[in-house]
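Student: Fold the following, please.
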Amino acid sequence: MSVRPDPSAAPDRTGFGIDIGGTGIKAAPVDLRTGETRGAPLTVPTPQPATPEAVAAAAAGLVDRAGWTGPVGVTLPSVVRAGITHTAANIAPSWLGVDAAHLFSRTLDDRPVRLLNDADAAGLAEARFGAAAGHDGVVLMLTFGTGIGSALLAAGVLVPNTELGHLMVDGVAAEHRASAVRRGRDQMSWPAWAAEVSRVLKEYERLLWPDLIVAGGGISAEADRWLPLLTNRTPVVAAMLENTAGIVGAAMAAGPLRPSGTGH
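Tutor: The predicted structure follows:
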């Protein structure tokens, strides 16, 4: 006779992610089986100036509000290697060379902290739960915002810190051609902006030969207005997780709370 497993006895698979941006910090527990946040994300404005100590304290406040007691994943708009931040996009220059993983861990009572680039976190989330789920080829995730963030994955394995928004395309940085901010600032029409995006994507294709491109950032909510206008050869799809992608990717990187228990 077979016995049906009791769902309530299944190991808890909840992680916690914090997504730090230039203007706001978002955090939430995440069901790592589905990629869904457990409740609406908690938010707080990014301190100004966004120094390491001020940002870490603000993030710790969100963890306290959530009542979370386990490991934490944190994204930053920075190149991150072994927990150390090497660039400072839209945050204070004092982040350069900081052992940020240690800083966050110390601020959070010495709990485990996993730190990663914000676009990399979004790419991991989309590859697991979103528009690139189940895709075993080369996936290029791009976030169009103040600049262009990038995440490159091959068969689901991340190549971290690609920073493709800084790639020069015909003498101009890609993100200076095709960021969402540039479209708004210069009041570009959708066809004019899509032409610049296509120009950038063709250069990425020439160098990387991706099988799929996932377009994220706030402008992906209007994907139907510009994706059909692109002229590059690789299929481009809109990101599915929208504003929670960074949180989800951070929680994935940190892993679930152990032992069983949600901590919130």
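Student: Which parts of the stretch 101-250 of the chain are strands?
Tutor: 113-117, 138-144, 148-154, 157-159, 168-169, 172-173, 212-216, 236-238 (DSSP state E, counting those that start in this stretch).
Student: For those, give me TSV that also has distance to residue 14, mean neighbour count and mean pLDDT.
Tutor: For every residue, glycine as well, the C-beta is placed using N, CA and C. Below are those laid out as TSV (distance: least, Cβ to Cβ, whole Å; neighbours: other Cβ atoms under 10 Å; pLDDT from 0 to 100):
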stretch	distance to residue 14	mean neighbour count	mean pLDDT
strand 113-117	15	26	97
strand 138-144	24	26	97
strand 148-154	24	25	97
strand 157-159	22	15	96
strand 168-169	42	14	98
strand 172-173	39	14	98
strand 212-216	24	24	97
strand 236-238	27	19	97
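Student: okay, those strands in JSON lines with distance to residue 86 next?
Tutor: Below are these laid out as JSON lines (distance: least, Cβ to Cβ, whole Å):
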{"stretch": "strand 113-117", "distance to residue 86": "10"}
{"stretch": "strand 138-144", "distance to residue 86": "19"}
{"stretch": "strand 148-154", "distance to residue 86": "15"}
{"stretch": "strand 157-159", "distance to residue 86": "16"}
{"stretch": "strand 168-169", "distance to residue 86": "20"}
{"stretch": "strand 172-173", "distance to residue 86": "18"}
{"stretch": "strand 212-216", "distance to residue 86": "23"}
{"stretch": "strand 236-238", "distance to residue 86": "29"}
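Student: Out of those strands, flag the one nearest residue 130.
Tutor: strand 212-216 (7.4 Å; Cβ to Cβ).
Student: all helices for the stretch 51-200 of the chain, in order.
Tutor: Under the criterion DSSP state H, counting those that start in this stretch, the stretch 51-200 of the chain carries helices at the ranges 52-66, 100-107, 118-129, 174-178, 180-185, 190-208.
Student: Residues contacting the second one, please?
Tutor: In other words, helix 100-107. For helix 100-107, the surrounding residues in contact (Cβ atoms under 8 Å, 6 or more residues apart in numbering) are 52-53, 56-57, 59-60, 72, 74, 76, 78, 80, 82-85, 111-115.
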